[in-house]
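Q: got a structure for you, letters missing:
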C-alpha cells in the first residue's frame, strides 16, 4: 500500500511494484553472500539522472522509496 506519492497513479504503481521486487531480490543476494547480513539501503542512478533511494529497515515490513532529480535540488 502506498502511503504518499507525488507521481501519477500509474507511475506510483510501477515504481512501487518494481522497486519492491528489486529490494526483495537485493536482500536475497546479500543473504546469499552473508546469511547474517541484511540489505538496508540501496541507491541507483539512471540515465535520466534520477536517484532512487531505497531504505528497508531491519525487522520492518515496509520500503521507503525516494525518487529525485539531483539537478532540481
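A: All right, it came through fine. What you are looking at is a predicted structure, and each value in this text was computed from that prediction instead of being measured. Numbering: from 1, shown residues only.
Q: what's near enough to touch the closest residue to residue 45 other than its chain neighbours?
A: In this structure, residue 45 finds its nearest non-sequential neighbour in residue 51, 5.4 Å apart by C-beta to C-beta, 6 or more residues apart in numbering. For glycine as for every other residue, the C-beta is placed from the backbone atoms N, C-alpha and C. Contact analysis of residue 51 by C-beta atoms under 8 Å, 6 or more residues apart in numbering lists 43, 44, 45, 66, 67, 68, 69, 70.
Q: any idea where the helices of the chain begin and end?
A: 9-33 (DSSP state H).
Q: next, the angle from the lowest-mean-pLDDT helix or strand in the chain to helix 9-33.
A: Lowest on mean pLDDT, DSSP states H and E among the helices and strands of the chain sits strand 51-55, with a mean of 78. With axes from the mean of the first three to the mean of the last three C-alpha atoms, to 10 degrees defining the directions, strand 51-55 sits at 60 degrees from helix 9-33.
Q: tell me which residues in strand 51-55 are buried?
A: 52, 54, 55 (16 or more other C-beta atoms under 10 Å).
Q: next one, pLDDT for the spatially closest residue to residue 37 that is not a sequence neighbour please.
A: Excluding its sequence neighbours, the residue lying closest to residue 37 (C-beta to C-beta, 6+ apart) is residue 30, at 5.4 Å. Note on residue 30: pLDDT of 94.
Q: neighbours of residue 30, how many?
A: As a burial measure, residue 30 scores 15 neighbours (other C-beta atoms under 10 Å).
Q: ok, it to residue 3 distance?
A: Going from residue 30 to residue 3 by C-beta to C-beta, to the nearest Å gives 25 Å.
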